[in-house]
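*Asks:* One predicted model, sequence on top.
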Amino acid sequence: MSNTINYLLFPEPGVREVRPRAREMSRHFKKKATIGNLHLFNPSAVSLLEMPTIEPFTGKLPRFLVPFHLARSSASHQAFIHFFIDDYSFECLWNNPERYLSLLMSFEGVIGTDFSQLGNMPFPQRVWNCYRNRLLGQWMQHNGINYIHNVTWSLPDSYDYSFDGLPIGSTIAINCAGIAGSPSSKYLWYKGYEEALSRLKPSAIVRYGTKMPGENEAISVYFQNERLTLLRNGR
């Protein structure tokens, strides 16, 4: 037993760790520091569950929305960028957020990213996607962007981490795209919607997608799913 431990602790003579050269040190440690966007994380601005906290938005509501993947080609920047599109279409933002900062800042505002929390995802993956949404949202606010947080959830076991650290009485965004054809998805959406209103008591809701029966229309402003509109028009 002792021989095995010694072997693990003390490598054979001549075996050494390969370290970067001095001129490569800066780039080497910069890459290590940015793994998982850890350089964006502020440990003094987190919830009890260590989710990055979000400040309330009380500004003017969006008049127009532009999906992130079409933002560069948009003729007008008098709109809010949104991320109610496939995750792979904005994974590039997570991979290199600083690269897109000037683009985000050139618009009236941004509605937070929508990394998916799907019911068939394992719990750690759902938490990770929620964390990514939060971290990017806090980073945008830190950089002075008019930011409306996109509130997401999945199964009831997601409510604590999904709503923890979000502002009370703020404008929020909620998406319902993609649930129309699934009774279970509708049920989970309604359950989460009611929980979000109960916990967060939003002053206004930017609603993306089809208006759902029984939701609070009095505090909601609606935007159509552009992709669904194109399909209905035969494009």
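*Replies:* That came in fine, so what should we check first?
*Asks:* Spatially, which residue comes closest to residue 59, not counting chain neighbours?
*Replies:* Leaving out its chain neighbours, the residue that sits closest to residue 59 by Cβ to Cβ, 6 or more residues apart in numbering is residue 146, at 5.6 Å. Where you see a C-beta, it was placed from the backbone N, CA and C, and this is true even at glycine.
*Asks:* Check whether the one you found really touches residue 58, as I assumed.
*Replies:* No - at 10.4 Å, residue 146 and residue 58 do not qualify as touching, with contact defined as Cβ atoms under 8 Å.
*Asks:* if we can go back for a sec, which ones are touching the residue nearest to residue 59?
*Replies:* Applying Cβ atoms under 8 Å, 6 or more residues apart in numbering, we find residue 146 in contact with 57, 59, 80, 108, 109, 110.
*Asks:* out of those residues, which is most surrounded?
*Replies:* Among the contacts of residue 146, residue 110 has the most neighbours (other Cβ atoms under 10 Å), with 26 neighbours.
*Asks:* Check which strands are paired with the helix or strand hosting it and give the direction for each one.
*Replies:* According to DSSP states H and E, residue 110 maps onto strand 109-111. Strand pairing for strand 109-111, determined by DSSP bridges: strand 80-82 (parallel), strand 147-150 (parallel).
*Asks:* got those as a markdown table, with distance to residue 26 columns?
*Replies:* Converted to a markdown table, those look like this (distance: least, Cβ to Cβ, whole Å):
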| stretch | distance to residue 26 |
| --- | --- |
| strand 80-82 | 33 |
| strand 147-150 | 32 |
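*Asks:* in this structure, which spans are strands?
*Replies:* With DSSP state E as the criterion, the chain has strands at 65-67, 80-82, 109-111, 147-150, 171-175, 204-208, 220-223.
*Asks:* closest one to residue 36 among those strands?
*Replies:* Nearest of the strands of the chain to residue 36, taken as Cβ to Cβ: strand 147-150 at 20.4 Å.
*Asks:* Quick one: mean pLDDT over that closest one.
*Replies:* Across strand 147-150, the average pLDDT comes to 98.
*Asks:* from the chain's centre, how far out does that strand sit?
*Replies:* 9 Å (Cα atoms, centre = their mean, to the nearest Å).
*Asks:* Give the buried residues for that strand.
*Replies:* Of the residues in strand 147-150, 147, 148, 149, 150 count as buried by neighbour count, 16 or more other Cβ atoms under 10 Å.
*Asks:* Check stretch 155-174 too.
*Replies:* Those would be 155, 158-159, 161-167, 170-174, for stretch 155-174 by 16+ other Cβ under 10 Å.
*Asks:* In contact with the residue minimising distance to the centre of the chain, which residues?
*Replies:* Taking Cα atoms, centre = their mean, the centroid of the chain lies closest to residue 133, which sits 1.8 Å from it. Going by Cβ under 8 Å, 6+ apart, residue 133 touches 112, 113, 114, 115, 150, 152.
*Asks:* leaving aside the residues next to it on the chain, what's closest to residue 150?
*Replies:* residue 112 (3.8 Å).
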